[in-house]
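Enquirer: what would the 3D arrangement of this be:
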Amino acid sequence: MGKCEQCIIRQFNALKSLHKEDLIRITGCKTSKKLRKGEVIFEEGENINGVFCIREGVCKLTKLSPNGKEQIVRLVIKGDLLGQRSLVSNEVANLTAVAASDMEVCFIPKQEILFDLSQNINFSMNMLKSMAEELKLSENIIVDMAQKTVKQRLAETLLYLKENFGEDINGFLNIILTREDYANIVGTATESAIRLLSQFKKEGLISAEGKKIKINNAEALKLVE
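Expert: So this is what the prediction gives:
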């Protein structure tokens, strides 16, 4: 198990504000876990009782609608924290967290985070800033759902994945999602997502090998209507 005070991942989240003695204390009570793609980290309605720090991999946060349709609310990457909103509000999880790739996470108990929130103003402010950014993202998603076409949302999703996850040496996106995942991100039927991706491919905007996607013309994707 790695030591928090030596972990570079904390520089990407609110834990960077903690003092060395606090990080040493957390190291003594945290737990680490490796997950395979598709494994559930926590489920909607579950008491999390702490926060998860993502050391490796990608997680998808999903919400199940009353009719059983899954909506991917956000993709969470290495360095992000999970469960902070539920911890602060003292509520059960509002979303389900599922590994979108093989992952490694560290779990920090609730009492440790609450202690640091009460003792370290910089940590508290960084935690608030992180939750404010999540709220801003949610607001943008609501606007996009109301004002943009499914085709536009899919094009923007591809560009977002390129910007945030990068490409491999062959130009394919570093993150591999199923066609159902794309549909659940943009809020449409899987068949519609498949049809639109095929259209992008015919127009030369993207190319694909199985589930892997390569963006050939990012500028054209920005102009999709």
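Enquirer: give me the neighbour count for the nearest residue to residue 107 once chain neighbours are set aside.
Expert: With sequence-adjacent residues excluded and distances taken as CB to CB, 6 or more residues apart in numbering, residue 107 is closest to residue 31, at 4.9 Å. For glycine as for every other residue, the C-beta is placed from the backbone atoms N, C-alpha and C. The burial metric for residue 31, expressed as a neighbour count using other CB atoms under 10 Å, is 11.
Enquirer: go on, the one 3 residues further on?
Expert: Residues near residue 34, counting by other CB under 10 Å, number 13.
Enquirer: could you export the helix or strand harbouring it as CSV, CA atoms only?
Expert: Applying DSSP states H and E as the criterion places residue 34 in strand 31-35. Written as CSV, here are the backbone C-alpha positions of strand 31-35 (Å, rounded to 0.1, in the frame of the first residue of the first chain):
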residue,chain,number,x,y,z
THR,A,31,-7.5,0.9,2.3
SER,A,32,-6.5,0.2,-1.4
LYS,A,33,-8.4,-1.9,-3.8
LYS,A,34,-8.0,-3.0,-7.4
LEU,A,35,-11.1,-3.4,-9.6
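Enquirer: show me the domain layout of this structure.
Expert: 4-145, 148-223 (the TED database).
Enquirer: can you classify residue 159 by secondary structure?
Expert: Per DSSP: H, G, I helix; E, B strand; the rest coil, the secondary structure class of residue 159 is helix.
Enquirer: what residue is smack in the middle of the chain?
Expert: Taking CA atoms, centre = their mean, the centroid of the chain lies closest to residue 76, which sits 1.6 Å from it.
Enquirer: bridging residues for the residue found closest to it once you drop the neighbours it is linked to in the chain?
Expert: Residue nearest to residue 76 in three dimensions, not counting chain neighbours: residue 59, with 4.4 Å by CB to CB, 6+ apart. On DSSP bridges, the residues paired with residue 59 through beta bridges are residue 76, residue 99.
Enquirer: looks like residue 59 contacts residue 82 (just checking).
Expert: Yes. Between residue 59 and residue 82 a contact is recorded at 6.7 Å, counting by CB atoms under 8 Å.
Enquirer: shared neighbours of those two, anything?
Expert: Between them, residue 59 and residue 82 share the neighbouring residues 41, 76, 97, with contact defined by CB atoms under 8 Å, 6 or more residues apart in numbering.
Enquirer: all helices for the protein, in order.
Expert: For the chain, the helices defined by DSSP state H cover 20-27, 84-89, 110-119, 121-147, 150-165, 179-186, 190-202, 218-222.
Enquirer: neighbouring contacts of the fifth one?
Expert: Put plainly, it is helix 150-165. Contacts for helix 150-165 (CB under 8 Å, 6+ apart): 58, 75, 77, 144-145, 148, 173-175, 177, 182, 185-188, 192-193, 196-197, 200, 205-206, 213, 215, 218, 221-222, 224-225.
Enquirer: same question for the third one.
Expert: Contact with helix 110-119 is made by 18, 22, 25-26, 29-30, 48-51, 84, 87-88, 123-124, 127, as judged by CB under 8 Å, 6+ apart.
Enquirer: please redo it, this time with the cut-off set to 7 Å
Expert: With contact meaning CB atoms under 7 Å, 6 or more residues apart in numbering, helix 110-119 is reached by 18, 22, 26, 29, 49, 50, 51, 87, 123, 124, 127.
Enquirer: show me what contacts the last one?
Expert: So that's residue 127. Going by CB under 7 Å, 6+ apart, residue 127 touches 14, 84, 117.
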